[in-house]
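Q: Coordinates only, no sequence provided:
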């Protein structure tokens, strides 16, 4: 009998344009898809872990719809794979690569051990448009600035998307765990019921989301993507994070839209390459996920206490700076946050409140359903000024003028801050149903009479701190 092939799934919950799945199916042998609950999954924050579980369930249903199935196992990835090899007689294992330091360390160890045992272990490029090592400077190094990175890749050929393969099934699938028994949503508690309606889960939902974007918002994406009061973005970050649609599918769709003359298409393509750039940096400088990318920031006197009253006010959407509070509350209700708002809350925390970017990065890693290790790390360091391609350290976003520009009628702020509207809209009231009970907050609470740190004095305090540091 032909030995089966193991397809190890991580963040590639799709059938279309899936290189590892296609390679596994091309062997002509039965394919056993497996998802492993290992230490990398255990380490995820509350919202990312819960949302990943929803993605697993949707992908399992998709596999069953085409006559396959998904085997769930829990434990060390290598031990689980070796056990499956012993049980099934499989001689090959295929997977799509990940690039964060923890995943790389795991995958390199797995690949070496499998090959040492005589098992063919093959990783494939399926998470990005371009692999992190494929773009090099004129001297053969890696890029530290986005613009030349984009110019290098914008006209480079991208392979066409792969069709959905026919997945040969074994006569019987190995036994696996029950997904519900993993209880991946436990840390979300009551927040899961609030966030769930705002998620669009699975490959079909991701494809439909892209189609809606191409049919309308992409035309004005260049300007509308920054408007807090408009639905001007693609919303695809949630699906790209979990591989429910490939970045390559989005790229080719964007190129077609550009050829059709849709004005915002090139900006959309730039955002896709920005995601590649984040992984380019994580691959070449993995310390970006844990420490200052620029070492000169190591001695800067940021507050590092997450229990500081100012940090707690920021976390709870109670800074008195309405656009910052609206953004934080949007995150608790939807699991996502508008990209412009992410820049504002990050700037306010790291500059007005002089708090270490890692506190914000770690909090986002608990709360975002579209959490991405590379984009989260680079975004926070970009805002703080400590990272590559960073906003200049002396640029301090004024949240009040930003709100006037990108939410001129206050719709975004009223939509999420209940205390600013009577009666409050459901979006704003949902915040109180999502947050920890220990915060003891309700829609009848009075909104702060003034910001904990106002725009002008906060900016000056930050500039003084930078000057004294000698930047």
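A: That came through, no problem. Keep in mind it's a predicted model, so treat the numbers as computed, not measured.

Q: hmm, who's touching stretch 396-415?
A: Residues outside stretch 396-415 that contact it (CB atoms under 8 Å, 6 or more residues apart in numbering): 226-229, 321-326, 330, 338, 340-341, 343-344, 347-348, 351-352, 420-421, 425, 427-428, 455, 458-459, 462-463. Yep, even glycine has a C-beta here, placed from its N, CA and C like the rest.

Q: quick one: average confidence on the longest strand that the chain contains?
A: The strand spanning the most residues in the chain, taking DSSP state E as the definition, is strand 31-37. Mean per-residue pLDDT for strand 31-37: 98.

Q: ok now it, how far from the chain's centre?
A: 22 Å (CA atoms, centre = their mean, to the nearest Å).

Q: and after it, which helix or strand comes next?
A: helix 39-42 (DSSP states H and E).

Q: Return the list of helices and strands in contact with that next one.
A: Secondary-structure packing of helix 39-42 (3 or more CB pairs under 8 Å, 6 or more residues apart in numbering; DSSP states H and E): helix 101-116.

Q: ok, back up a step: can I have the buried ones of the contacts of stretch 396-415 as a ChimeraX selection?
A: To isolate the buried ones among these in ChimeraX, judged by 16 or more other CB atoms under 10 Å, type:
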select :226,227,228,229,321,322,323,324,325,326,330,338,340,341,343,344,347,348,351,352,420,421,427,428,455,458,459,462
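
Q: taking the contacts of stretch 396-415 one by one, which sit in helices?
A: 322-326, 330, 340-341, 343-344, 347, 427-428, 455, 458-459, 462-463 (DSSP state H).

Q: for the stretch 201-350 of the chain, what spans make up the helices?
A: Secondary structure of the stretch 201-350 of the chain (DSSP state H, counting those that start in this stretch): helices located at 203-215, 221-224, 237-241, 247-259, 265-284, 309-315, 322-334, 339-347.

Q: Return the most buried member of those helices.
A: Sort the helices of the stretch 201-350 of the chain by mean neighbour count, taking mean count of other CB atoms under 10 Å, and helix 322-334 sits at the top with a mean of 26.

Q: Quick one: mean pLDDT over that helix.
A: The model assigns helix 322-334 a mean pLDDT of 98.

Q: got the angle between it and helix 339-347?
A: Angle, helix 322-334 to helix 339-347, by axes from the mean of the first three to the mean of the last three CA atoms, to 10 degrees: 110 degrees.

Q: next one: helix 322-334 to chain centre, how far?
A: Centre-to-centre, helix 322-334 and its host chain are 17 Å apart (CA atoms, centre = their mean).

Q: got it, and stretch 109-116?
A: Counting by CA atoms, centre = their mean, stretch 109-116 comes out at 28 Å from the chain centroid.

Q: Just the buried positions in it, please.
A: 110-111, 114.
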